[in-house]
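Student: Okay, sequence plus prediction incoming.
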4 protein chains.
Amino acid sequence: MTAVPAELRSDIEGSLLRRMTAEAVGSGFLVAAVVGSGIAAARLSPGQPGLQLLENALVTGAVLTAMILALHPVSAAFNPVVVLVERADGLVSSRDAVGLVAAQVVGAAVGAVTANVMFDLPPVTVASTDRGGGGLWVAEVVATAGLVLVAYGAGRSGSAGSARLRVALAVGAYITAAYWFTSSTSFANPAVTLARTLSDTFAGIAPASVPAFVLMQVVGAALGYGLVRLLRAPSEGTSR
Amino acid sequence: MTAVPAELRSDIEGSLLRRMTAEAVGSGFLVAAVVGSGIAAARLSPGQPGLQLLENALVTGAVLTAMILALHPVSAAFNPVVVLVERADGLVSSRDAVGLVAAQVVGAAVGAVTANVMFDLPPVTVASTDRGGGGLWVAEVVATAGLVLVAYGAGRSGSAGSARLRVALAVGAYITAAYWFTSSTSFANPAVTLARTLSDTFAGIAPASVPAFVLMQVVGAALGYGLVRLLRAPSEGTSR
Amino acid sequence: MTAVPAELRSDIEGSLLRRMTAEAVGSGFLVAAVVGSGIAAARLSPGQPGLQLLENALVTGAVLTAMILALHPVSAAFNPVVVLVERADGLVSSRDAVGLVAAQVVGAAVGAVTANVMFDLPPVTVASTDRGGGGLWVAEVVATAGLVLVAYGAGRSGSAGSARLRVALAVGAYITAAYWFTSSTSFANPAVTLARTLSDTFAGIAPASVPAFVLMQVVGAALGYGLVRLLRAPSEGTSR
Amino acid sequence: MTAVPAELRSDIEGSLLRRMTAEAVGSGFLVAAVVGSGIAAARLSPGQPGLQLLENALVTGAVLTAMILALHPVSAAFNPVVVLVERADGLVSSRDAVGLVAAQVVGAAVGAVTANVMFDLPPVTVASTDRGGGGLWVAEVVATAGLVLVAYGAGRSGSAGSARLRVALAVGAYITAAYWFTSSTSFANPAVTLARTLSDTFAGIAPASVPAFVLMQVVGAALGYGLVRLLRAPSEGTSR
C-alpha cells in the first residue's frame, strides 16, 4: 500500500508555498467547522448531548470530505501526523514537512477565531474543558492509528481523480464514526487539538490537556504507519 | 486549478437556452427543497430547532448532490456567484452570464412558490425573518468563499463523469456542513436568498435583510476566487 | 441526455427473466426498507414524528443506493414509471415493459409482507392511512418529475461502473431529500405505493388513496421525461 | 455477476498472512465502532432508543465504508459468511478460508475489548441481552441475504479502484439501512455476533442467543448466493 499513486506524484511537485496555502485553508475550514458546529449544536439542541455530538460529527466529516475533494493532493489532509507519516515514508522533505505543519497550525488557529467571530463571541477565549484519563488516551491512539490506515489505504491505485474521491469519502466517513466510537470524540490531529484551545465552547479543550493528547496522537500515527507497512504488498516496494 | 477540465468544455457548448433550462430546473428543485423541508421540519419537530436545522441541512445537501449529478456540466451549480466567477475566469460570455443568472432567479422563485403550494400554504407570503448583524455577515463571506473554493477545486482533472461526481459530492457535503458551522446557516447564493423572501416559513428571510446578504456573498465569491487563483498550479495557466 | 450510455446497452441485453428477477429482488428490499424502518421508527421514537421521518428517509435513500449499485443496469430502478419512460424512449419493448412492471409489483408486495413478518405483525394488514388533497397531489407530480430527471441525467456518459455509481448516489440522495421537501413524503413509485397498502403501519397508505397517487406519478413522469428531452443535447439525438 | 473483476484477482494474490492482517484489523475497527458507538449513544442520548439506534447505525455504516476503502480487496469484508460464499464460488481455498475466518474472529474480539477499555469499562463483560424469536430470526436471514447480494453485485465491472468504491458505499449504505428495516438490527456477521457477547452494553448479545443467529446468517448467505447466481449473466460464466 502506498499513499500516493505514481500518477499523483508530479501533481504534488507544486511550490511549497502553494501547498502551505492549501494546508492553511483546509485546516482553517476544518477547525471552523468543528468549533462552529459545536457552538450551533449547543445553542440549538440544549440538553441533548447525543444530538449535539451527532450534529458536530456529521458536519466535521462532511467538511473534511469537501475540503479533501477540493484541495487534495496539493494538501496532506490538514493533519501534522499525516505529514509525519509522509516524512517517514520519504514523500516529503524535512524542510517541507516543517512548512506544512506550520501552515496547518496557523490555519487551524485562524479557523477557530473565525468560528468565534461568526457566532458573535470574543475572537479568543481559552477553553476550560479538561479532557484526559486512561480511556481517552487509549482512544486517541486508536483514533489516530485508524485515521492513518484509512488515509493511506484509500489512496491506493487508480487515477488522481478517483484516488482523491476515495480518500475524501473514507476520511470523512471515518472521522464521523470516530467521534462516536472513541471516548475522546477523536481529535486525532495535533493542529486541530491546539486550535481547539482557542474557543471555550462545545469543542474546546483546556491547554493543560493538550500535551497528552498530542503524544497519544503521535503514538497512534506510528502504530497506524506500522499497520500500513504490514499491509503493503511486497511488489509495491517502499514508496521512495 | 481550473474549474472545467478540457474534456468538459465541448459539453458546455450547448445552446444557451438549454443551459438556462438546466439552471432554472436545478435552482427550482434546490429552493423547493430548502423551503419545503424547512416547512416540514418546523411542523414535524416542533420545539427542537437543532433537529429542524439538521433535517433542513441534510435535505439541502442531498438535493444539491442529486441535481448536480443530473445537470452538471450543462449547469453552473444554480448559483449566480458561480456564474460571476466563471465570467471572471473567462468561461462564459457576459451575455450568457446574464441569461444564466436570470434563469436561476426565475427558477428559484418558482421553487419557493411550489414548496408553498405543496404544503397547502398561499403561493406567496413575504418572509418576516430578519437576518443580519456582524457575525452573520462575516458568516456569509466565509460560506461563499468556501463554496467557490470547493466547487472549483473538486472539478479538477479526470473525465467528465468523475469530475461531475466529485463536484456533486463536495458541494452537497460542504453546504450540509456550512448550514451548521456558519451562524447565518449559509445562504451563499443570491438567487436562493431572493427566493427565500417568498415564503414566511422556517427558511424565509425578510426582504430588508437581502441586500447585505447578497453583498457579503459577492465579497465571499471574490475572496474564494482569489484562493482558487493562488492554489492554481502554474502549469495550469489561466483557463482562457 | 440519454439514460443509458452506449457501453451499457449490451449489458442490458440479459434475458427478460434475469431482469425480472433483479426488479423483483430490488423492489422487495426497497419496500421492506420503507415499511420496516417505518415500523422501527414508530416504535423507537414515539411522539417524535420528525425524527421518525428522518430515520425512514435516511434508510430508504441508503437502501436505494445499495440496491442500484448491486443490480443496475440489469434493473430499471425498481420503478414502473421509469420503465414507462424507458418504453417511451425506445429502450425496452412493450412485452418486456409488462414483464418488468409485473416483477416490480410482485417483488414490492413480498417486501411489505416480509417487513410485517420480521416485526412480528400479521403478514398482511390493510393500511388505513388516508393520503391525498391538493398539496399532496402536486407533491407527487413534483417528486416523480424530479426522480425521472435525476435517474436519467445522472446516467449520462462514462463507463458502466461510473454511471452506475452516479445513478445510485443521485437517486438515493434525491429520495432522502424528497421525503422531506414534498408534503406527500414522495411515494413517486406505483409499485411501492400499491405495496404500502399491505401494512397498516407508519408507511401505509389506504387503498382508496392509491389511484390518485398513481395518476399523479404518471403525470410527473411525463413531465420529467419532457424535461429530459428538453435538456438533451442535439448531438445526443434520440436514444433509439 | 462475479464478485471480483479480473483486474482485482492478481491483487488478491497477497500472502495469506497479509490478508489475515487486513481481516483482523478491519474486523477490529468494525466491532470497536459497533460496540463503542453503542456505549456512547446510550450515555449521551438516554431514554431515546430511536436516536441511539440512528447514531449506532450511521457510525457502523460509515466505518464499514472507510475500512473497505482502506483494505479492500486485500480483505473479504470482515465477514465469515462472505468468506463462505467466496469459498463456494471458488475464489479462496479451504485453507485460506479457515485462516481468514480465524483472523476475523480474533480481530472482532479485540475490537470489542478495545471499545470497553476506551470507555473505561472492564475489558470483558458477558452480554446479557437476549435476542431471538421468529421475527428476529427471519430478519437475520433477510439481512444476510441482502448483504451478500449487495457485496457481490456492487463489485461487478470496472477498475480495481472503482469497484472498491462501489462496494464500500453499497455495503456501508446497506448496513446503515438494515439496522433499521430488520427487527434484529441486522447483525449479519458471525464474527461480529460472537464479539458482541464480550460487552454487556447497548450492542451486546447474550451467548445463548448466538447459535440461532449464526445459523440464520448462514441460511441467509446461502439464499443470497443463490440470488447472485440467478442474476449472473450467462456470459460471465462461473468465476472459477
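Tutor: That came in fine, so what should we check first? Numbers count the residues shown, from 1 in each chain, chains lettered A, B, ... in the order given.
Student: Please make it C-alpha for all contacts and neighbour counts, starting now.
Tutor: OK.
Student: Please tell me how far residue A:79 sits from residue C:40.
Tutor: According to C-alpha to C-alpha, to the nearest Å, residue A:79 and residue C:40 sit 40 Å apart.
Student: higher neighbour count, the two?
Tutor: Under the neighbour definition other C-alpha atoms under 10 Å in any protein chain shown, residue A:79 and residue C:40 were set side by side, and residue C:40 has more, 25 against 22.
Student: Which secondary structure state does the spatially closest residue to residue A:41 that is not a sequence neighbour sit in?
Tutor: Distances taken as C-alpha to C-alpha, 6 or more residues apart in numbering or on different chains place residue A:52 nearest to residue A:41, at 4.9 Å, with adjacent residues excluded. Classification of residue A:52 into helix, strand or coil gives helix, according to DSSP: H, G, I helix; E, B strand; the rest coil.
Student: List the residues that contact residue A:52.
Tutor: Contact criterion C-alpha atoms under 8 Å, 6 or more residues apart in numbering or on different chains gives A:38, A:41, A:42, A:45 as the residues in contact with residue A:52.
Student: same question, residue A:143
Tutor: The neighbourhood of residue A:143, defined by C-alpha under 8 Å, 6+ apart, consists of A:178, A:182, A:186, A:187, A:188, A:220.
Student: so for the helix or strand that contains residue A:108, what's the average pLDDT?
Tutor: Taking DSSP states H and E as the criterion, the element that holds residue A:108 is helix A:94-118. Averaged across helix A:94-118, the pLDDT comes to 97.
Student: State the number of residues packed around whichever residue of chain A sits closest to chain C.
Tutor: Of chain A, the residue with the smallest distance to chain C, taken as C-alpha to the nearest C-alpha, is residue A:162 at 10.5 Å. With neighbours defined by other C-alpha under 10 Å, the count for residue A:162 comes to 23.
Student: before we move on, which element is it in?
Tutor: helix A:160-181.
Student: Could you list every helix and strand in contact with that helix?
Tutor: Counting by 3 or more C-alpha pairs under 8 Å, 6 or more residues apart in numbering or on different chains; DSSP states H and E, the packing neighbours recorded for helix A:160-181 are helix A:49-71, helix A:134-154, helix B:160-181, helix D:16-44, helix D:49-71, helix D:160-181.
Student: if we go to 6 Å?
Tutor: helix A:49-71, helix A:134-154, helix D:16-44, helix D:49-71 (3 or more C-alpha pairs under 6 Å, 6 or more residues apart in numbering or on different chains; DSSP states H and E).
Student: Only the buried residues of the second one, if you could.
Tutor: It refers to helix A:134-154. Of the residues in helix A:134-154, those buried by neighbour count under the rule 16 or more other C-alpha atoms under 10 Å in any protein chain shown are A:135-154.
Student: Next: stretch A:198-217.
Tutor: So stretch A:198-217, judged by 16+ other C-alpha under 10 Å, has buried residues A:198-207, A:209-210, A:212-214, A:216-217.
Student: Could you export the contacts of residue A:143 as CSV, including neighbour count and pLDDT?
Tutor: Shown next, in CSV, are the contacts of residue A:143 (neighbours: other C-alpha atoms under 10 Å in any protein chain shown; pLDDT from 0 to 100):
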residue, neighbour count, pLDDT
A:178, 33, 98
A:182, 30, 97
A:186, 26, 97
A:187, 23, 97
A:188, 32, 97
A:220, 25, 98
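Student: what's the closest of the residues you listed to residue B:63?
Tutor: residue A:178 (26.4 Å; C-alpha to C-alpha).
Student: Now do the contacts for that closest one.
Tutor: residue A:186 (C-alpha atoms under 6 Å, 6 or more residues apart in numbering or on different chains).
Student: again, but for residue A:216
Tutor: For residue A:216, the residues meeting the contact criterion (C-alpha under 6 Å, 6+ apart) are A:140, A:141.
Student: In which helix or strand does it reside?
Tutor: Taking DSSP H and E as the definition, residue A:216 sits inside helix A:210-231.
Student: what's the angle from that helix to helix D:16-44?
Tutor: For helix A:210-231 against helix D:16-44, the angle between stretch directions is 150 degrees (axes from the mean of the first three to the mean of the last three C-alpha atoms, to 10 degrees).
Student: Just checking the distance from helix A:210-231 to the centre of its chain.
Tutor: 13 Å (C-alpha atoms, centre = their mean, to the nearest Å).
Student: now swap in stretch A:152-165 and tell me
Tutor: 18 Å.
Student: for it, how far is the first residue from the last?
Tutor: Terminal residues of stretch A:152-165 are spaced 13 Å apart (C-alpha to C-alpha).
Student: Now do the buried residues in that stretch.
Tutor: Residues of stretch A:152-165 classed as buried under the neighbour-count rule (16+ other C-alpha under 10 Å) are A:152-165.
Student: Stretch A:113-133 near chain D at all?
Tutor: No. Residues of stretch A:113-133 are not located near chain D by C-alpha under 6 Å from any C-alpha of the partner chain, the shortest gap being 9.0 Å.
Student: Any residues of chain A in contact with chain D? List them.
Tutor: With the criterion set to C-alpha under 6 Å from any C-alpha, chain A comes near chain D through A:49-50, A:135, A:138-139, A:150, A:153-154, A:158, A:170, A:173-174, A:177, A:180-181, A:183, A:231.
Student: make it 8 Å
Tutor: A:48-51, A:54, A:134-139, A:146, A:149-158, A:162-163, A:166, A:169-171, A:173-174, A:176-178, A:180-183, A:230-231, A:233 (C-alpha under 8 Å from any C-alpha of the partner chain).
Student: Adding distance to residue A:109 and mean pLDDT as columns, could you present the helices and strands packed on helix A:160-181 in TSV?
Tutor: As requested, these are exported to TSV (distance: least, C-alpha to C-alpha, whole Å; pLDDT from 0 to 100):
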stretch	distance to residue A:109	mean pLDDT
helix A:49-71	16	97
helix A:134-154	21	96
helix D:16-44	29	97
helix D:49-71	28	97
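Student: Distance to residue B:129 added to these, as a markdown table?
Tutor: Compiled in a markdown table, those are given as follows (distance: least, C-alpha to C-alpha, whole Å):
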| stretch | distance to residue B:129 |
| --- | --- |
| helix A:49-71 | 24 |
| helix A:134-154 | 42 |
| helix D:16-44 | 33 |
| helix D:49-71 | 30 |
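Student: residues contacting residue A:96?
Tutor: Under the criterion of C-alpha under 8 Å, 6+ apart, the contact list for residue A:96 reads residue A:16.
Student: I should have written residue A:211 there, sorry.
Tutor: Remark: with contacts taken as C-alpha under 8 Å, 6+ apart, residue A:211 is in contact with nothing.
Student: Distance check, it against chain D.
Tutor: Using C-alpha to the nearest C-alpha, to the nearest Å, one obtains 19 Å as the distance from residue A:211 to chain D.
Student: Likewise for residue A:160?
Tutor: Remark: distance between residue A:160 and chain D (C-alpha to the nearest C-alpha) = 11 Å.
Student: Let's see the pLDDT reported for that residue.
Tutor: Reading off the model, residue A:160 has pLDDT 78.
Student: and it, how far is that from residue B:59?
Tutor: Using C-alpha to C-alpha, we find residue A:160 at a distance of 30 Å from residue B:59.
Student: Not counting residues beside it along the chain, what's closest to residue A:18?
Tutor: Nearest in space to residue A:18, with sequence neighbours left out and distances taken as C-alpha to C-alpha, 6+ apart, is residue B:231 at 5.7 Å.
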